[in-house]
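In: Mind looking at a prediction? Sequence and model below.
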Amino acid sequence: MRIDIVSVFPEYFAPLELSLIGRARERGLLEVNTHDLRKWTHDVHHSVDGPPAGGGAGMVMKPGPWGECLDELVPGPEVPHLLVTSPAGRPLTQEFARELAAEPWLLFGCGRYEGLDQRVVDHASERMRVTEVSLGDYVLFGGEVAALTVVEAVTRLLPGVLGNAASLDEESHTGGLLEAPAYTKPAEWRGHEVPDVLRSGDHGKVDRWRRDQSLIRTVERRPDLIARLDPGTLDERDRRL
Ligand code: ADE
């Protein structure tokens, strides 16, 4: 997969050299290019923003630099899926990350201030798919952390990136539920024990215990997820719980 990221703070993306994302890049599973939006400015101050039309607080990113940037990065005929970060965008979910992981080329446009002039999105939509993406219902200073998060959520779904693909399998097995609590050695630590069932060696019992814990946790912490559950994924025992 190819990923391009345009931002006024390309330094934000240094962590993409590290850990499993860095390794995926070294292994050629992922190509990441970061770009400084100010490269496409022509005034001495390299300004990228202006006051909002119609008045109001904050600043809006000017369309000019974005337009030139997209012209240069996307000469065609291949086009990326353009993802513009915005708190007004489609919320990032695991399902959305899965959709994005199937794409050959993602281009992130990181908004700052009050976001991009809407015409950047409208114009780009004439020749490529554009989706505004939100990290969640809160406001950040800008979209850089949102872009980093999407890149991480997507990269770990790319074939060959995770050493143990079974962990992805297990995630999808929980099918919209939170995962059960996890433990490791030692069996007793500061007066707290690993639950007996996890030391029983009975895989059937362990699976059932984890399933119960997933359901209990989800009911307690995320009733919204329970409401969205496909009833077909629940077995008899789930229902009794
Ligand atoms: N920019 C500011 N807040 C944001 C959010 N919640 N998601 C994506 N981009 C943002």
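Out: Here it is on my side, so go on. Numbers count the residues shown, from 1 in each chain.

In: The host helix or strand of Leu100 vs the ligand: in contact?
Out: Leu100 belongs to helix 94-101 when assigned by DSSP states H and E. No. Residues of helix 94-101 contacting the ligand under CB under 6 Å from any ligand atom: none, with a closest distance of 12.6 Å. Every C-beta, even on glycine, is put in place using the N, C-alpha and C of the backbone.

In: Let me know the angle separating the helix or strand just after that helix from helix 94-101.
Out: Sequence-wise, the next helix or strand downstream of helix 94-101 (DSSP H and E) is strand 105-109. Angle of strand 105-109 versus helix 94-101, following axes from the mean of the first three to the mean of the last three CA atoms, to 10 degrees, is 120 degrees.

In: Direction included, what does strand 105-109 pair against?
Out: If you go by DSSP bridges, strand 105-109 pairs up with strand 2-7 (parallel), strand 81-91 (parallel).

In: wait, which of those is closest to the ligand?
Out: Of all the strands paired with strand 105-109, the one in closest proximity to the ligand, counting by CB to the nearest ligand atom, is strand 81-91 (3.6 Å).

In: Now do the helix holding Leu100: distance to the chain's middle.
Out: Chain-centre distance of helix 94-101: 8 Å, with CA atoms, centre = their mean, to the nearest Å.

In: May I have it exported as CSV, CA atoms only?
Out: The C-alpha coordinates for helix 94-101 follow below in CSV (Å, rounded to 0.1, in the frame of the first residue of the first chain):
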residue,chain,number,x,y,z
GLN,A,94,-12.5,-1.1,12.8
GLU,A,95,-14.9,-1.7,9.9
PHE,A,96,-13.8,1.5,8.2
ALA,A,97,-10.1,0.6,8.8
ARG,A,98,-10.8,-2.7,7.1
GLU,A,99,-12.3,-1.0,4.1
LEU,A,100,-9.2,1.3,3.8
ALA,A,101,-6.8,-1.6,4.2
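
In: circling back: highest mean neighbour count out of the strands paired with strand 105-109?
Out: Highest mean neighbour count of the strands paired with strand 105-109: strand 2-7, a mean of 22 (counted as mean count of other CB atoms under 10 Å).

In: quick one: which helix or strand includes the residue positioned nearest the centre of the chain?
Out: Centroid-nearest residue in the chain, with CA atoms, centre = their mean: Val150, separated by 2.3 Å. For Val150, the host element (DSSP H and E) is helix 144-155.

In: State the number of residues packed around Glu126.
Out: When counting by other CB atoms under 10 Å, one arrives at 7 neighbours for Glu126.

In: SS state for it?
Out: For Glu126, the assignment made with DSSP: H, G, I helix; E, B strand; the rest coil gives coil.

In: Quick check: residues of this protein near the ligand?
Out: Checking the chain against the ligand by CB under 6 Å from any ligand atom, the hits are 85-87, 111, 134-136, 138-140, 142-143, 146.
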